[in-house]
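> coords below, sequence missing:
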Ligand SMILES: Cc1cc2nc3c(=O)[nH]c(=O)nc-3n(C[C@H](O)[C@H](O)[C@H](O)COP(=O)(O)OP(=O)(O)OC[C@H]3O[C@@H](n4cnc5c(N)ncnc54)[C@H](O)[C@@H]3O)c2cc1C
């Protein structure tokens, strides 16, 4: 049996549902297909959902600062009935340690100043007033546990940090995707779970729909790959890898959850911290816990995964390494024997900057390569993808004359070609989750 839609969206993570919402707002009849049983239960559900504004590039920072405006007024953005359970943005601020590895954050401050995004420079005294459980001894470079120099201070001190006061995190990332889907449904968008796409149909030299694992074919002139860590597989199904200079690949990550040291209420007094001196970031977590992620220091081997549906979901030595790295900064930290946290995949791109683009197959688009740092940008990515699809379907050649996209809250225009699949590797990138 063959159904039809104006556009099929593969994947219902936070970005897939945002794309569905924005196309529905433009009057498209969309059908979102999800292989899981629930919406928002891909890598979105495992996200730390940190909403920060500092990236290594102007475009990355502009998009994140624009994105913040949607999270802080989530209910208004969605326009759902007041009774609907909504994900919540919790403002904590984000403190980033100045280190030689990030050039003392000079570039980041320059970009934030140009964008009118508030930040403050903090010295040691202010850092310790906010985080009295911290020590500011330097341990750089980050090391593996079997390195004899692990845990030995290098004799230096962290001298300061930059604090972005408006940053925070979203308490329930899966619910955020479900909220977007609900808002899209209210405009007529359709969603089907337990519907795995196994082939992209072609007709007359363009995309013509998809085939599901059940054998069912669904026809549509536009198909959008928002399959998260499965994006490379879906791009291969469409046969569009040839002209891509930027590739995507699933990368395994472990996130550690630890109780805060006794006597310190990290949940309400803590903040997000990015600390390249020890190669970790952290944020407050429910139950006075601290969530600790990796900033992918060069000493850690990349844990590439061949099959995004079949990988080791158990904690490994990486969990202990991250916990012990953070204990360098917080000497009173207790590390329980029971490991808690999250194991999941990033969809890492060659330069850790996402791809929001068309492809060489007319009608086939991609929003992928989100590299562990695009939850925050989902509402903006949804709008930009919807504009890009209309731009191309109206006959524009986005490769030759890329879409100019307006970030309406911050009054900036960006070149959407920045996110092209055919860009040269962006050497400005941090080549890490920091983007
Ligand atoms: C551990 C971790 C921590 C993170 N922390 C942050 C953070 O603090 N801040 C931040 O901004 N970002 C963060 N991210 C990144 C962010 O979560 C992702 O960029 C974002 O969730 C990607 O959303 P998505 O919709 O593109 O993909 P996903 O959420 O992965 O959704 C893709 C969906 O596609 C479905 N799918 C795949 N193949 C098929 C198919 N063939 N047919 C049908 N359906 C299919 C999958 O089942 C899945 O539901 C983190 C990511 C991880 C893993």
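That came through fine. Only a predicted model underlies this, so the values are computations on that prediction, with no experimental measurement involved.
> quick check: bridge partners of the residue in the stretch 51-200 of the chain positioned nearest to the ligand?
Closest approach of the stretch 51-200 of the chain to the ligand (C-beta to the nearest ligand atom) occurs at residue 197, with a separation of 3.8 Å. Where C-beta positions appear, they are placed from N, C-alpha and C, glycine not excepted. Beta-bridge partners of residue 197, counted by DSSP bridges, are residue 212.
> can you say which helix or strand has residue 202 in it?
Using DSSP states H and E, residue 202 maps to strand 197-203.
> swap in residue 337?
For residue 337, there is no host helix or strand (DSSP H and E).
> okay, now it: neighbour count?
Per other C-beta atoms under 10 Å, the neighbour tally for residue 337 reads 4.
> before we move on, what about residue 374?
By other C-beta under 10 Å, 28 other residues sit near residue 374.
> sec struct for it, please.
Assigned with DSSP: H, G, I helix; E, B strand; the rest coil, residue 374 falls in the coil class.
> any idea how far it is from the ligand?
4 Å (C-beta to the nearest ligand atom, to the nearest Å).
> same check, this time on residue 389
Distance of residue 389 to the ligand, computed by C-beta to the nearest ligand atom: 16 Å.
> number of nearby residues for that residue?
Neighbour count for residue 389, taken as other C-beta under 10 Å: 24.
> make sure I have this right: it is in a helix.
Yes - remark: residue 389 belongs to a helix, assigned using three-state DSSP.
> so it touches residue 9, yeah?
No - applying C-beta atoms under 8 Å as the test, residue 389 and residue 9 come out as separate, 10.2 Å apart.
> between those two, which contacts overlap?
23, 224 (C-beta atoms under 8 Å, 6 or more residues apart in numbering).
> the stretch 51-200 of the chain against the ligand: which residues are in contact?
Applying C-beta under 6 Å from any ligand atom, we find that the stretch 51-200 of the chain lies next to the ligand at 196-197.
> and the longest strand along the chain, how far from the chain's centre?
Ranked by residue count and defined by DSSP state E, the top strand of the chain is strand 248-259. Centroid separation between strand 248-259 and its chain, computed with C-alpha atoms, centre = their mean, to the nearest Å, is 12 Å.
> measure the nearest residue to residue 266 once chain neighbours are set aside to the ligand for me?
Counting by C-beta to C-beta, 6 or more residues apart in numbering, residue 266 lies nearest to residue 260, which is 3.6 Å off, once chain neighbours are set aside. Note on residue 260: its distance to the ligand, by C-beta to the nearest ligand atom, is 19 Å.
> give me the neighbour count for residue 260.
Neighbour number of residue 260 under other C-beta under 10 Å is 22.
> cool, the one 3 residues further on as well?
Taking other C-beta under 10 Å as the criterion, the count of residues near residue 263 is 8.
> quick one on the thing from earlier: was I right about the residue of the stretch 51-200 of the chain closest to the ligand contacting residue 234?
Yes - counting by C-beta under 8 Å, residue 234 is a contact partner of residue 197 at 6.8 Å.
> pull up the overlap in contacts between those two.
Here residue 197 and residue 234 have 10, 227 as joint contacts, going by C-beta under 8 Å, 6+ apart.
> which other helices and strands contact the longest strand of the chain?
Other helices and strands packing on strand 248-259, by 3 or more C-beta pairs under 8 Å, 6 or more residues apart in numbering; DSSP states H and E, are helix 231-238, strand 289-294, helix 317-329, strand 341-349.
> what angle sits between it and helix 317-329?
Orientation note: strand 248-259 sits at an angle of 50 degrees relative to helix 317-329 (axes from the mean of the first three to the mean of the last three C-alpha atoms, to 10 degrees).
> which is the next helix or strand following strand 248-259?
Remark: after strand 248-259, the chain's next helix or strand is helix 266-269, criterion DSSP H and E.
> got the contact list for the helix or strand following that next one?
Past helix 266-269, further along toward the C-terminus, the next helix or strand under DSSP H and E is strand 272-275. Residues outside strand 272-275 that contact it (C-beta under 8 Å, 6+ apart) are 50, 52, 92-97, 131, 167-169, 281-284, 295, 329, 434.
> contact partners for the closest residue to residue 294 other than its chain neighbours?
Of all residues not flanking residue 294 in the chain, residue 322 sits nearest, at 5.6 Å (C-beta to C-beta, 6+ apart). Counting by C-beta under 8 Å, 6+ apart, residue 322 touches 254, 256, 280, 292-294.
> state the distance from residue 322 to residue 244.
Going from residue 322 to residue 244 by C-beta to C-beta, to the nearest Å gives 32 Å.
> low-confidence ranges, the chain, go.
1-2 (pLDDT under 70).
> all helices for this protein, in order.
Counting by DSSP state H, the chain has helices at residues 14-25, 43-46, 58-72, 74-78, 106-115, 124-130, 173-185, 231-238, 266-269, 317-329, 378-393.
> same for the fifth one, what does it pack against?
Which is helix 106-115. For helix 106-115, the packing partners by 3+ C-beta pairs under 8 Å, 6+ apart are helix 58-72, strand 160-164.
> swap in 7 Å and give it another go.
When contacts are defined as 3 or more C-beta pairs under 7 Å, 6 or more residues apart in numbering; DSSP states H and E, helix 106-115 packs onto helix 58-72.
> which residues are in contact with the helix it packs on?
Defining contact as C-beta atoms under 7 Å, 6 or more residues apart in numbering, one finds that helix 58-72 is touched by 51-55, 77, 89, 111-112, 115, 117, 166, 170, 353, 376-377, 379-380, 407, 409-410, 412, 414, 418, 435.
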